[in-house]
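Undergrad: next input, structure requested:
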Amino acid sequence: MSTLTLAPRLPAGQAASTYAGPRSRLSRRGLSPRSALAFPQPPPLPGLHRLLGSRPLRLLAGYAAHILRPPRLELRIDVQQEPQSIETELESLHRRLHSPDDALSRCTRLPSPLPGLVFHHREADGEHYVYVEDVANGRLAGYTVFNRLIEVDRRTDRHVRAPHSKYAPAYQGRGIATAVYELALAGRGPLCGADGGAFFLVSGARQSVGAHALWQALGRRHGLRYVALRGKRMHDLGHAPPPALREHLDTRMILLGRGWSLARLQALGLLQAEAEAANGSLLRRA
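TA: Residues are numbered from 1 along each chain as shown. Next comes the predicted model:
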């Protein structure tokens, strides 16, 4: 069987000088469609690997990493809420709170520890909502929702909630969210777990600067620990895990409400201790 080759046609004066020389690689073959020369060739990878692994480039990469190193964010403190979007949402919720046909109008009132503010509570599918109303000014100061966690099993879900808050800028820094959290940590009124006791609280995957400061302040009055949420279970990381470990997405903080202790969590099988032991071993090696 004969093979058809495709040779480029050049002017007669150039053909001999270009293709007839004894050193020409194309003198005895054309560019067939199967020829490797008909396609772009990849770079020589072994040589490229040696170049990238050379000492000058490694030093340059180290200097660049040092100069451009991003700031360390403990527990991913990177949530920023636009004030205007918060105000718009609170205005809508305040209208619903006083609309007779809306579910929010059927909220119950909680004892308010702050004068001039009314605490409204409702529960939906095991999640608790607390709306704080400034009656004198006819507006909603903000709200806190205690969410259920999909990251934990059913047994743990009976006792733990993850709080998230939104308050208008004019009401931030006045201890309102702290008062709402304290109600849940004390297990007052309807803000309680399945057994009628207080919740223990777990932080979200991300926090704002204000939320992180709130947790640190509450941690001075309540037991605060770090945990890892893995395999639907909470694993104890102790009081001070390494900074790199605190940045993991499954690392959270917990606040222990009334009646809760580290011993009780472990006795009920809600907190696994092996992660704390591994963490302690890691710190000793460091």
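Undergrad: so what's residue 98 up against?
TA: Shown in contact with residue 98 (CB atoms under 8 Å, 6 or more residues apart in numbering): residue 105. C-beta here means a position set from N, CA and C on the backbone, and glycine is covered the same way.
Undergrad: and residue 272, by the same measure?
TA: 233, 234, 235, 236.
Undergrad: swap in residue 107?
TA: Residues near residue 107 by CB under 8 Å, 6+ apart: 97, 120, 121, 122, 129, 131.
Undergrad: can you redo the contacts of residue 272 as JSON lines with neighbour count?
TA: Putting the contacts of residue 272 into JSON lines (neighbours: other CB atoms under 10 Å) gives the following:
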{"residue": "233", "neighbour count": "18"}
{"residue": "234", "neighbour count": "26"}
{"residue": "235", "neighbour count": "20"}
{"residue": "236", "neighbour count": "22"}
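Undergrad: what's the closest of those to residue 203?
TA: Using CB to CB, residue 234 comes nearest to residue 203 of these, at 12.2 Å.
Undergrad: residue boundaries of the helices in the stretch 101-250 of the chain?
TA: Residue ranges of the helices in the stretch 101-250 of the chain, as given by DSSP state H, counting those that start in this stretch, are 154-157, 176-186, 209-219, 243-246.
Undergrad: other SSEs contacting the first one?
TA: Identification of packing neighbours for helix 154-157 by 3 or more CB pairs under 8 Å, 6 or more residues apart in numbering; DSSP states H and E yields no helix or strand.
Undergrad: between the contacts of residue 107, identify the one with the most neighbours.
TA: Neighbour counts for these, by other CB atoms under 10 Å, peak at residue 131, which reaches 24 neighbours.
Undergrad: between the contacts of residue 272, which is nearest residue 251?
TA: Residue 251 lies nearest to residue 235 out of the contacts of residue 272, by CB to CB, at 9.8 Å.
Undergrad: hey, what's the closest one bridged with?
TA: Going by DSSP bridges, residue 235 is paired in beta bridges with residue 228, residue 272.
Undergrad: how about low-confidence regions in this structure?
TA: Within the chain, the stretches with pLDDT under 70 are 1-81, 274-286.
Undergrad: for residue 257, find the nearest of the helices of the stretch 101-250 of the chain.
TA: Set against residue 257 and scored by CB to CB, the helices of the stretch 101-250 of the chain come closest in helix 176-186, at 4.0 Å.
Undergrad: other SSEs contacting the closest one?
TA: Checking 3+ CB pairs under 8 Å, 6+ apart, helix 176-186 ends up next to strand 117-124, strand 127-134, strand 139-147, strand 160-167, strand 200-202, helix 209-219.
Undergrad: and that helix, what's buried?
TA: Under the neighbour-count criterion of 16 or more other CB atoms under 10 Å, helix 176-186 has 176, 177, 179, 180, 181, 182, 183, 184, 185, 186 buried.
Undergrad: re earlier: closest to residue 169 out of the helices of the stretch 101-250 of the chain?
TA: helix 209-219 (10.4 Å).
Undergrad: what is the burial count for residue 239?
TA: Residue 239 has 11 neighbours, counted by other CB under 10 Å.
Undergrad: got a list of what it touches?
TA: Contacts here follow CB under 8 Å, 6+ apart; on that basis residue 239 touches 224, 225, 226.
Undergrad: pipe the helices and strands packed on helix 176-186 into JSON lines and attach distance to residue 83 per row.
TA: As requested, those are exported to JSON lines (distance: least, CB to CB, whole Å):
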{"stretch": "strand 117-124", "distance to residue 83": "20"}
{"stretch": "strand 127-134", "distance to residue 83": "17"}
{"stretch": "strand 139-147", "distance to residue 83": "12"}
{"stretch": "strand 160-167", "distance to residue 83": "10"}
{"stretch": "strand 200-202", "distance to residue 83": "26"}
{"stretch": "helix 209-219", "distance to residue 83": "13"}
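Undergrad: and of these, who's closest to residue 105?
TA: Among those, strand 117-124 comes nearest to residue 105, with 9.4 Å by CB to CB.
Undergrad: sheet partners, orientation included, of that closest one?
TA: If you go by DSSP bridges, strand 117-124 pairs up with strand 108-110 (antiparallel), strand 127-134 (antiparallel).
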